[in-house]
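> Have a look at this fold, sequence not included:
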């Protein structure tokens with residue numbers, strides 16, 4: 001008689017037969033009905049859809065090439081909706097193609113400068129938004145560092161474009177203006193609106209970390225002060241060369257100090273910074289629960305936004321002199337006041353929003369942290385990168401500009417000593433910024449005296 005086996009359509013009978021055969025081979029008694037019943041239950045559970053899902057599931061569809069391709073248009077459209085239409089400033093994006101068209105000779109320099117300036121406002125703000133989305137995947141401390149870095153990306157791109165054209169004074173004045181704008185205007189608005197929102201008390205912040213940043217700013221002033229005084233007093237050992245050598249040496253020292261500060265912030269004394277950021281996250285857990293963009297999507301949008309900012313920055317630098325002549329406004333005022341306000345749009349908005357939520361530590365980290373990074377990293381980086389480019393970028397910001405920075409750092413450092421803030425301190429900082437703006441409006445910039453310019 002030919003053995004045909006157990007029918008495959010009856011898995012329970014197959015389980016009974018297996019148990020009976022095992023018992024006979026091992027010389028024992030056949031299994032009881034209770035054992036057979038337990039085997040029935042086991043096989044039944046194993047074969048239910050909950051234990052063994054059907055083949056066409058989400059995990060398996062990921063392996064299919066057509067599944068993610070079909071979902072790609074929907075995913076791209078959602079990310080574009082969040083990035084391009086997630087701000088009320090999105091209508092200013094129309095200035096981007098107009099600036100590109102105008103740069104081909106259709107419009108004058110004044111219009112090209114204005115359109116490029118307006119087009120960079122939403123791009124800078126969206127750059128801050130995408131960086132914030134990226135911080136969901138990097139942690140609070142690294143995320144804060146990324147926010148400061150990409151918040152200053154606009155200034156860095158403008159400076160690199162200007163260095164390529166050997167426009168040293170535009171680089172120096174725009175970086176100086178960015179520091180002044182962050183320390184006086186951005187921080188002042190954060191103190192002012194935060195104080196109006198919470199009038200019954202003084203807002204508090206971690207004065208230890210604030211004093212560390214203030215100390216770094218004073219060190220940056222020292223690095224800028226000596227080349228300027230050396231040049232102003234005419235006491236150089238080699239005229240036109242000593243200040244350049246001193247600037248490059250001081251820039252390397254400042255970069256080392258900034259790297260040590262990163263180690264201090266991210267490694268050795270991380271508890272000082274994590275405590276305040278974690279408190280901010282716990283208070284605002286309901287505000288930002290999840291990321292709207294994925295990790296690689298954020299990286300892609302950072303690349304796209306940086307490319308467009310680079311294009312507009314080149315048009316901006318090319319048209320700055322023509323705009324100065326067309327509007328009869330000094331280049332120093334445009335570089336120190338107008339350009340930084342656009343570049344600091346993301347920081348300005350973020351600092352005020354966190355101050356309104358009584359998270360002044362984060363507001364302070366945005367404003368003072370950005371100023372610290374520009375003074376201790378971006379400025380010496382421009383000096384070092386101009387070295388192989390053959391551009392004689394130095395730390396001699398001229399005596400008037402250096403004195404302005406020195407007084408500003410002293411005023412802000414004194415206000416940060418108590419570790420408290422209110423609307424009156426904000427008013428004082430904003431009024432100080434108005435004085436600085438008026439000073440540069442009547443200031444005639446000395447023509448470049450840098451060797452090789």
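That came in fine, so what should we check first? Bear in mind the structure is a predicted one, so any value in this text is a computation, not a measurement.

> Strands of the stretch 301-450 of the chain, residue ranges please.
420-421 (DSSP state E, counting those that start in this stretch).

> where exactly do the helices run in it?
Per DSSP state H, counting those that start in this stretch, the stretch 301-450 of the chain carries helices over the ranges 331-333, 339-343, 345-356, 360-373, 379-389, 399-415, 423-441.

> Using JSON lines, lay out the ones you listed together with distance to residue 129.
Using the backbone N, CA and C atoms, a C-beta is placed for each residue, glycine as well. Shown next, in JSON lines, are the helices of the stretch 301-450 of the chain (distance: least, C-beta to C-beta, whole Å):
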{"stretch": "helix 331-333", "distance to residue 129": "30"}
{"stretch": "helix 339-343", "distance to residue 129": "15"}
{"stretch": "helix 345-356", "distance to residue 129": "8"}
{"stretch": "helix 360-373", "distance to residue 129": "14"}
{"stretch": "helix 379-389", "distance to residue 129": "25"}
{"stretch": "helix 399-415", "distance to residue 129": "27"}
{"stretch": "helix 423-441", "distance to residue 129": "25"}
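
> okay, the ones you listed, which one's buried deepest?
helix 360-373 (a mean of 27; mean count of other C-beta atoms under 10 Å).

> name the helices or strands packed onto that helix?
helix 140-151, helix 168-180, helix 187-197, helix 207-233, helix 270-283, helix 345-356 (3 or more C-beta pairs under 8 Å, 6 or more residues apart in numbering; DSSP states H and E).

> So which of the ones you listed is nearest residue 89?
Among those, the nearest to residue 89 by C-beta to C-beta is helix 345-356 (8.2 Å).

> tell me the angle the closest one makes with helix 360-373.
Orientation check (axes from the mean of the first three to the mean of the last three C-alpha atoms, to 10 degrees): helix 345-356 against helix 360-373 gives 150 degrees.

> Report the mean confidence score over helix 345-356.
For helix 345-356, mean pLDDT is 79.

> And the contacts of it?
Residues outside helix 345-356 that contact it (C-beta atoms under 8 Å, 6 or more residues apart in numbering) are 121, 124-125, 127-129, 132, 147, 151, 182, 185-187, 189-191, 193-194, 197, 203, 280, 341, 360, 362-363, 366-367, 370.

> Least confident of the helices and strands packed on helix 360-373, on average?
Looking at the helices and strands packed on helix 360-373, the weakest mean confidence is helix 270-283, a mean of 57.

> what does stretch 97-112 contact?
115-116, 119, 311-312, 315, 318-319, 321-323, 325-327.

> Buried residues, that stretch. List them.
98, 99, 100, 102, 103, 107, 109, 110, 111, 112 (16 or more other C-beta atoms under 10 Å).

> And for stretch 82-97?
Of the residues in stretch 82-97, those buried (16+ other C-beta under 10 Å) are 82, 83, 87, 89, 92, 93, 95, 96.

> Distance to residue 207 added to those, as TSV?
Output for these, formatted as TSV (distance: C-beta to C-beta, whole Å):
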residue	distance to residue 207
82	37
83	37
87	33
89	34
92	38
93	40
95	41
96	42
